[in-house]
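> Requesting a structural model of the entry that follows:
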Amino acid sequence: MDSDRKDLMDHSVVKAVVYHKWCTVGFPFFMLNLLIYLLFLGSLTFYMLNNIPPYMLTYNEWVMNSLSLLTAYQQMNAHGVDYKSLLDMVLYITTILLVYDFNLCNGLRRDWQWQMGSVAIFFAWINLILSTRTIPHSYATYTILSVHIWKRFVGYILLFSLFIFSFSMTFYALLRNQLAFRNLGEAIVKTSVMTIGEFDFQDVFYNRFSRNTPSSIENQVPYVELTYVYWILFLIVMCIIFINTMIATTIDDIHGMQKDLQFYHLRLQTDYCLEMEYILPQSFLRSVSRNSLTCWRSYHTPDTWLYRTLRKAMLPASPDDQLVRFHYFFISRFLAAAKLGSGGNRELRPCVDLEHN
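Here you go, the predicted structure:
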């Protein structure tokens, strides 16, 4: 996996082993961890929405945080520090700081504690999204693509920040008298918002001519010609060239990644299974291990009138149509199960046979 050998991961033997590990070790403990995390997330969300006094939820929050913090610490010891483990640590530490009662008199949260709560609730829901990448469902595909897009955007942050800072300094020097650019921090925020199309062109340039707005220094544009030049340059560079380049690059990456989604999904499942094998005791692993594994592929011969009629009505002539290709496999399995239940012939042939000493 570290060498990105997609051809090996696509082999039937490797898929069978990963599927066996996922069914015996990965999926049961994944659902258990997901259930515990949902309890923690529900408690934290309920706490933030209703502003319950701390003595009503402190015990539950402490128990959930302790279990989750131990799990995150174990993951960091097993696989080192990555962005997922770091996110877990930040989440649980900020939650502990939120629920800890620093004011024993009235139990109210302090200002910095409530700010820690806003950070915790944000990372809690983001962590839930990241935790669903190993689910064997099409939803995991969108999660993997979203994470890939975010990683791609992080690669553009340095270049994006340099462009934003250069234009922010320019607008701060030319329009310092206006409220939106009254200091460098406000100028950076305003320039970043302008990148997505919110220019407020009329408020910046034409408020000085408005009869309803008093003629004050805050509405003036001291250097009109030069400000127009940099405004148009910002429109061309940031809103047309840079943003469209990012969109085109992201679309190309997604188009190329769609061919490797199965590989990334198998890789995530394999990493999770290896992580569980590192944590679980050897006695449990020996109890679920198998000396041999045989996978079967079934072939069904449509020999009944009902089966042929349903197949002709429900299935297309070929599964090439993009609109029906997704449902082709599931309808085929349904018809095969219906035929088997009606007493049709069934022939089983070995697909892959794994044996090891």
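> could you give the mean pLDDT of the helix or strand Ile144 falls within?
If you go by DSSP states H and E, Ile144 is part of helix 138-174. In this model, helix 138-174 carries a mean pLDDT of 84.
> And for stretch 120-135?
On average, stretch 120-135 scores 85.
> Go through it and flag the buried ones.
Using 16 or more other C-beta atoms under 10 Å as the test for burial, stretch 120-135 gives 120-121, 123-124, 127, 131, 133-135. Where you see a C-beta, it was placed from the backbone N, CA and C, and this is true even at glycine.
> ok, back up a step: can you list the buried residues in the helix holding Ile144?
140-141, 143-145, 147-149, 160, 163-164, 167-168, 170-172, 174.
> again with stretch 197-211
By neighbour count, with 16+ other C-beta under 10 Å as the criterion, the buried positions of stretch 197-211 are 199, 204-205, 207.
> Helices - which of those land there?
Secondary structure assignment (DSSP state H) places 204-205 from the buried residues of stretch 197-211 within helices.
> For the buried residues of stretch 197-211, please prepare TSV with the additional fields distance to Lys15.
Converted to TSV, the buried residues of stretch 197-211 look like this (distance: C-beta to C-beta, whole Å):
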residue	distance to Lys15
Phe199	52
Val204	59
Phe205	62
Asn207	65
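> Which single one of the buried residues of stretch 197-211 is nearest to Arg286?
Proximity of those to Arg286 was ranked by C-beta to C-beta; the top entry is Phe199 with 66.0 Å.
> Can you list phi and psi of that closest one for me?
phi -90, psi -30 (degrees, to the nearest 10).
> got the contact list for it?
Listed by C-beta atoms under 8 Å, 6 or more residues apart in numbering, the contact set of Phe199 reads Leu235.
> Distance check, it against Phe263.
According to C-beta to C-beta, to the nearest Å, Phe199 and Phe263 sit 43 Å apart.
> can you check Phe29 too?
The separation that Phe29 has from Phe263, given C-beta to C-beta, amounts to 23 Å.
> try Phe167
As judged by C-beta to C-beta, Phe167 and Phe263 stand 41 Å apart.
> Is Ala120 part of a helix or strand, or is it coil?
Per DSSP: H, G, I helix; E, B strand; the rest coil, the secondary structure class of Ala120 is helix.
> contacting residues for it?
With contacts defined as C-beta under 8 Å, 6+ apart, the neighbours of Ala120 are 44, 91, 94-95, 98.
> Which other helices and strands does the next helix or strand after the helix holding Ile144 contact?
Using DSSP H and E, the helix or strand that follows helix 138-174 in sequence is helix 184-195. Taking 3 or more C-beta pairs under 8 Å, 6 or more residues apart in numbering; DSSP states H and E as the contact definition, the neighbouring helices and strands of helix 184-195 are helix 138-174.
> List just the nearest of the buried residues of stretch 120-135 to Asp10.
When the buried residues of stretch 120-135 are ranked by distance to Asp10 (C-beta to C-beta), Thr134 comes first, at 18.1 Å.
> and the spatially closest residue to that closest one that is not a sequence neighbour, what helix or strand is that in?
Distance criterion C-beta to C-beta, 6 or more residues apart in numbering; nearest residue to Thr134, sequence neighbours excluded, is Leu268 at 4.8 Å. When secondary structure is defined by DSSP H and E, Leu268 falls within helix 261-279.
> Many thanks, I have nothing further to ask.
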